[in-house]
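A.B. asks: the sequence isn't on hand, but the structure is:
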């Protein structure tokens, strides 16, 4: 007889089956391989073909590396580093390197962000060079540079140096570098009065051309981009004419014109500029024109409301550019600007065609040295692989730093 009281315990006559583990072929590394590389017969064939090509290329590369002749690079390491710069005055480029290490350390500690990333890369490079048996003096310089970098970071992180002094230090480091590399008469150190700029070479000259080109072309390019959008016809048409003219000719043309025609545009009292100055001028003018178009693209991407908001706040035209427009425009074109700088760094190899002994010119000279002419197969492959690796490391470093900067600024994220 029913009592009307619900049962306290109810047993399901058809209980669910207990949970089972997923098949071993769908989880772990086996599952990943099956899902990404062997998901279909076509993908399986493509994966196997790719593995065979990689094995064929990797095997050949490994055999070549095992039998490659690297002696020319090691024997000419000073030539690759500084060209034919006088050996008795190498302390002067060393002082420049130590100065840069100290500034990077202070900047990384004070400002962080991209400077910290660059500082870490520089520290790793200095540590590697300090461990490689380049020579007692060279290794000592690298070790001291690493110590200065770390000490500068420690001091900068604790606010030991104001930002305005750091900015002043970076600005003064440019002319000081040229003064040091040009030679200082210090009899106690055995230095001669001057070192002709035609003796500068190797990686030192490549870096100098790239840094000067980047540092000078950036402000010029920004001014040209603003000038092209100016409402004053004279400024606008001058900017348009300059940009279109420079972008319409290759860099090698500007280099040859700079070597032959630059003195014609200078006052008679300025003397005859060196080949290095002419090359730097041509590289700066060339890069500024391309950079101007990159910056102009960023300016065009700024909504009109930003200009109206700046006007509503009562900002002057200069203040609106400094605080509102340019910061947003430059952030939007960071990839294009960094790509331009990487291209400029690689384009410095063209100065070898106008008589400057930069890294590629040094490689050509090493290949033609008489002591390596009898080597079976020649030494061109090893030398050019080494030069290519140097260009790749610095280019990738700039690209990596730009990505870190984009992530820091939140560019491209929603």
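C.D. replies: Yes, it's here. If you're wondering where the values come from, they're calculated on a predicted model, not measured in any experiment.
A.B. asks: burial check on the residue nearest to residue 83 when sequence neighbours are not counted, number of neighbours?
C.D. replies: Spatial nearest neighbour of residue 83, chain neighbours left out: residue 201 (1.8 Å); criterion: Cβ to Cβ, 6 or more residues apart in numbering. C-beta: built from backbone N, CA, C; applies to glycine. Per other Cβ atoms under 10 Å, the neighbour tally for residue 201 reads 24.
A.B. asks: residue 63 too?
C.D. replies: Residue 63 has 10 neighbours, counted by other Cβ under 10 Å.
A.B. asks: try residue 219
C.D. replies: Using other Cβ under 10 Å, residue 219 has 11 other residues around it.
A.B. asks: quick one: it from residue 284, how far?
C.D. replies: Distance from residue 219 to residue 284, counting by Cβ to Cβ, to the nearest Å: 10 Å.
A.B. asks: show me what counts as buried in stretch 91-104.
C.D. replies: Neighbour counts over stretch 91-104 (16 or more other Cβ atoms under 10 Å) mark 92-104 as buried.
A.B. asks: and that stretch, average pLDDT?
C.D. replies: Average pLDDT, stretch 91-104: 89.
A.B. asks: stretch 151-163 now?
C.D. replies: Regarding stretch 151-163, the rounded mean pLDDT is 83.
A.B. asks: low-confidence bits of the stretch 251-400 of the chain, can you list those?
C.D. replies: For the stretch 251-400 of the chain, residues meeting the criterion pLDDT under 70 lie at 376-377.
A.B. asks: let me have the buried residues of stretch 91-104 in a markdown table, extended by distance to residue 409.
C.D. replies: Converted to a markdown table, the buried residues of stretch 91-104 look like this (distance: Cβ to Cβ, whole Å):
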| residue | distance to residue 409 |
| --- | --- |
| 92 | 38 |
| 93 | 35 |
| 94 | 36 |
| 95 | 35 |
| 96 | 31 |
| 97 | 30 |
| 98 | 31 |
| 99 | 29 |
| 100 | 25 |
| 101 | 26 |
| 102 | 27 |
| 103 | 23 |
| 104 | 21 |
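A.B. asks: redo those residues as a markdown table? Include secondary structure.
C.D. replies: Converted to a markdown table, these look like this (DSSP: H, G, I helix; E, B strand; the rest coil):
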| residue | secondary structure |
| --- | --- |
| 92 | helix |
| 93 | helix |
| 94 | helix |
| 95 | helix |
| 96 | helix |
| 97 | helix |
| 98 | helix |
| 99 | helix |
| 100 | helix |
| 101 | helix |
| 102 | helix |
| 103 | helix |
| 104 | helix |
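A.B. asks: looking at those, which one is closest to residue 76?
C.D. replies: Checking the buried residues of stretch 91-104 against residue 76 by Cβ to Cβ gives residue 93 as the nearest, at 16.6 Å.
A.B. asks: how about the contacts made by residue 284?
C.D. replies: Residue 284 makes contacts with 212, 213, 216, 217, 220, as judged by Cβ atoms under 8 Å, 6 or more residues apart in numbering.
A.B. asks: can you check residue 127 too?
C.D. replies: Contacts for residue 127 (Cβ under 8 Å, 6+ apart) come out as 142, 146.
A.B. asks: okay, helices next: where are they in the stretch 201-350 of the chain?
C.D. replies: Applying DSSP state H, counting those that start in this stretch to the stretch 201-350 of the chain gives helices spanning 202-228, 233-247, 251-261, 275-300, 304-312, 317-320, 326-332, 334-347.
A.B. asks: what helices and strands are in contact with the shortest one?
C.D. replies: Contact analysis of helix 317-320 by 3 or more Cβ pairs under 8 Å, 6 or more residues apart in numbering; DSSP states H and E lists helix 304-312 as its packing neighbours.
A.B. asks: now tell me what touches the helix it packs on from outside.
C.D. replies: Counting by Cβ under 8 Å, 6+ apart, 319, 320, 323, 324, 325, 328 sit against helix 304-312.
A.B. asks: same check on stretch 206-217?
C.D. replies: With Cβ under 8 Å, 6+ apart as the test, stretch 206-217 has contacts from 174, 177, 181, 200, 279-280, 283-285, 287-288, 291, 341, 344-345, 348-349, 351, 358-359.
A.B. asks: pLDDT below threshold where in the stretch 101-250 of the chain?
C.D. replies: Within the stretch 101-250 of the chain, the ranges that satisfy pLDDT under 70 run 183-193.
A.B. asks: and residue 177, what element?
C.D. replies: Here residue 177, judged by DSSP states H and E, is contained in helix 163-182.
A.B. asks: and the next element down the chain from that helix?
C.D. replies: Downstream of helix 163-182, the first helix or strand assigned by DSSP H and E is strand 201.
A.B. asks: just checking, what packs against that following strand?
C.D. replies: Using 3+ Cβ pairs under 8 Å, 6+ apart: strand 201 touches no other helix or strand.
A.B. asks: distance to residue 124 added to the helices of the stretch 201-350 of the chain, as TSV?
C.D. replies: Shown next, in TSV, are these (distance: least, Cβ to Cβ, whole Å):
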stretch	distance to residue 124
helix 202-228	17
helix 233-247	37
helix 251-261	32
helix 275-300	28
helix 304-312	40
helix 317-320	41
helix 326-332	28
helix 334-347	19
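A.B. asks: between the ones you listed, which gets nearest to residue 396?
C.D. replies: Once the helices of the stretch 201-350 of the chain are compared by Cβ to Cβ, helix 334-347 is nearest, at 9.0 Å.
A.B. asks: now do the closest one and helix 275-300, the angle between them.
C.D. replies: Computed by axes from the mean of the first three to the mean of the last three Cα atoms, to 10 degrees, the angle separating helix 334-347 from helix 275-300 equals 160 degrees.
A.B. asks: so which elements touch the following helix or strand past helix 334-347?
C.D. replies: Per DSSP H and E, helix 334-347 leads on to strand 357-358 as the next helix or strand towards the C-terminus. On a contact count with 3+ Cβ pairs under 8 Å, 6+ apart, strand 357-358 meets helix 202-228.
A.B. asks: centre of the chain to the helix it packs on, how far?
C.D. replies: With Cα atoms, centre = their mean, to the nearest Å as the basis, helix 202-228 stands 13 Å off its chain's centre.
A.B. asks: from residue 313, how far out is residue 123?
C.D. replies: 43 Å.
A.B. asks: what about these two, which has more around it?
C.D. replies: residue 123 (19 against 11).
A.B. asks: is it true that the more buried one touches residue 146?
C.D. replies: Yes - using Cβ atoms under 8 Å, residue 123 is in contact with residue 146, at 6.1 Å.
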